[in-house]
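1. Fold the following, please.
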Amino acid sequence: MIAVYATALLILGASLLLGRALLVLLGERRPTWLAGAVGFATLVIACPLLVRLPGRATTATIILAVVLVAAALIVRRSGWGRVESGSAPVGAALGAVLATLAAASLPFLLNDQVGVLGEGIYTNDHAAQLYWADWLQEGFGPQPSAVRFGYPTGPQAVAVIAAEATGANLVDAFNGLLLAIPALTALVALAVLGELPPGRRTLVACLTALPYLAASFLAQSAFKETAMAMLLLAFATSLALLTRGVALGATNVATSATPTSRRAIAVVLALLAAASVFTFSLPGLAWFVIALPVWLALEAMAGRRPLELGGVRDAIARHRAIAIAGAVVLVLV
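-> Presented below is the predicted three-dimensional model:
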């Protein structure tokens with residue numbers, strides 16, 4: 001399990017650092033536990049592109065290492081920052097991560113071995129995932145037909161680079177990915193649980209990370225479904241913060257969102273939606289497309305108007321050519 005935990009912690013740490021740096025670049029300097037999902041979404045988009053460069057996984061690992069060093073410098077220069085009183089403190093986050101990792105490790109304990117989970121129970125799809133990941137890592141042999149036809153390989157590429165960086169085999173790297181995703185999901189939940197006492201924050205975050213359905217998918221090595229759930233939860237959390245009119249780095253209603261913060265939330269929403277395509281192809285994007293009108297309808301029922309429709313119309317009128325081009329692209333897709 002050492003290799004499994006090593007890859008899980010690497011993915012978790014890289015996601016938090018990269019997400020924090022990206023939010024700083026967007027002008028949002030307050031720390032937020034949503035950064036983990038933002039960073040993971042960035043990795044899911046970048047890794048399948050980097051891993052196809054000459055040198056494959058080795059080249060991608062070196063590039064990401066340089067990017068993470070730069071991210072660390074950006075975060076340090078901006079100040080590591082203190083989590084505000086309206087957000088979950090570091091202790092609650094650490095407790096949620098450790099408890100979630102322990103719970104997610106139970107299938108290995110109960111099987112008394114470390115390997116591919118769920119073989120023969122529902123589907124042996126993971127065999128194909130390992131084959132495709134091996135091709136992404138080494139580039140040896142013909143391109144798998146599913147990959148050639150556009151099968152999304154975002155999370156797979158993340159596991160490949162984690163394996164390359166730690167020296168773990170692909171089975172351990174995928175298991176590390178399986179453990180990292182629930183931990184990131186727990187952190188996403190903490191972004192909107194700041195009003196609860198620390199103990200309850202940790203409990204609710206763990207229950208959010210591993211409800212029955214997510215635990216069932218995890219026990220089948222189904223990383224795509226759990227990753228989609230985490231991305232969608234982060235999307236809903238971002239919408240909730242936008243509704244409250246507060247900054248990304250605080251759930252305290254006294255911390256109002258500035259125009260910069262609202263732009264940061266808009267970029268985060270777009271990034272999460274794009275990551276869903278790299279995780280689940282275009283059907284994954286449907287969840288986000290459906291979520292927006294549902295959110296607007298619920299807000300209207302509650303008597304709130306999170307979006308000023310007049311302002312939206314004016315913006316479309318000012319940028320008519322871009323709006324028409326975007327609509328055409330959307331229809332073609």
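2. pLDDT averaged over stretch 218-226, what's the number?
-> Averaged across stretch 218-226, pLDDT comes to 92.
3. I should have written stretch 13-28 there, sorry.
-> Stretch 13-28 shows a mean pLDDT of 93.
4. buried set for that stretch?
-> 14-24, 26, 28 (16 or more other Cβ atoms under 10 Å). Glycine gets a C-beta too; all of them are placed from N, C-alpha and C.
5. contact partners of it?
-> 29, 31-32, 34-43, 64, 67-68, 70-72, 74-75, 78, 180, 184, 187, 247-249, 260-261, 263-264, 267-268 (Cβ atoms under 8 Å, 6 or more residues apart in numbering).
6. do stretch 278-295 as well
-> By Cβ under 8 Å, 6+ apart, stretch 278-295 touches 44-45, 48, 150-155, 224, 227-228, 231-232, 235-236, 239, 243, 272-273, 276-277, 306, 333.
7. Now, the buried residues of stretch 13-28 that are in helices?
-> Members of the buried residues of stretch 13-28 lying in helices (criterion: DSSP state H): 14-24.
8. Nearest to Ala168 among the residues you listed?
-> Ala14 (14.6 Å; Cβ to Cβ).
9. The closest one and Gly36: what is the separation?
-> Separation of Ala14 from Gly36 (Cβ to Cβ, to the nearest Å): 10 Å.
10. just checking, what packs against the one helix or strand Val69 maps to?
-> Assigned by DSSP states H and E, Val69 falls within helix 56-78. If you count contacts as 3 or more Cβ pairs under 8 Å, 6 or more residues apart in numbering; DSSP states H and E, helix 56-78 packs onto helix 2-25, helix 35-50, helix 125-138, helix 154-166.
11. what's downstream of the shortest one, the next helix or strand?
-> If I follow you right, that is helix 154-166. Following helix 154-166 in sequence, per DSSP H and E, is helix 170-190.
12. CA atoms only: put that next one into PDB for me.
-> The C-alpha coordinates for helix 170-190 follow below in PDB (Å, rounded to 0.1, in the frame of the first residue of the first chain):
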ATOM      1  CA  LEU A 170       0.100   1.400 -13.100                       C
ATOM      2  CA  VAL A 171      -2.100  -0.800 -10.900                       C
ATOM      3  CA  ASP A 172      -0.900   1.000  -7.700                       C
ATOM      4  CA  ALA A 173      -1.100   4.400  -9.500                       C
ATOM      5  CA  PHE A 174      -4.800   3.800 -10.400                       C
ATOM      6  CA  ASN A 175      -5.500   2.700  -6.900                       C
ATOM      7  CA  GLY A 176      -3.800   5.900  -5.700                       C
ATOM      8  CA  LEU A 177      -6.100   7.900  -8.000                       C
ATOM      9  CA  LEU A 178      -9.100   6.000  -6.600                       C
ATOM     10  CA  LEU A 179      -8.100   7.200  -3.100                       C
ATOM     11  CA  ALA A 180      -7.200  10.700  -4.000                       C
ATOM     12  CA  ILE A 181     -10.600  11.500  -5.600                       C
ATOM     13  CA  PRO A 182     -12.700  10.900  -2.500                       C
ATOM     14  CA  ALA A 183     -10.200  13.000  -0.500                       C
ATOM     15  CA  LEU A 184     -10.500  15.900  -2.900                       C
ATOM     16  CA  THR A 185     -14.300  15.500  -2.800                       C
ATOM     17  CA  ALA A 186     -14.200  15.800   1.000                       C
ATOM     18  CA  LEU A 187     -12.200  19.100   0.600                       C
ATOM     19  CA  VAL A 188     -14.700  20.400  -1.900                       C
ATOM     20  CA  ALA A 189     -17.500  19.800   0.700                       C
ATOM     21  CA  LEU A 190     -15.500  21.700   3.300                       C
END
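13. sorry, back to before: what's the farthest-apart pair in the ones in helices among the buried residues of stretch 13-28?
-> Ala14 and Val24, at 15.8 Å, using Cβ to Cβ across these.
14. Low-confidence stretches in the stretch 51-200 of the chain?
-> For the stretch 51-200 of the chain, the stretches with pLDDT under 70 are 80-88, 121-123.
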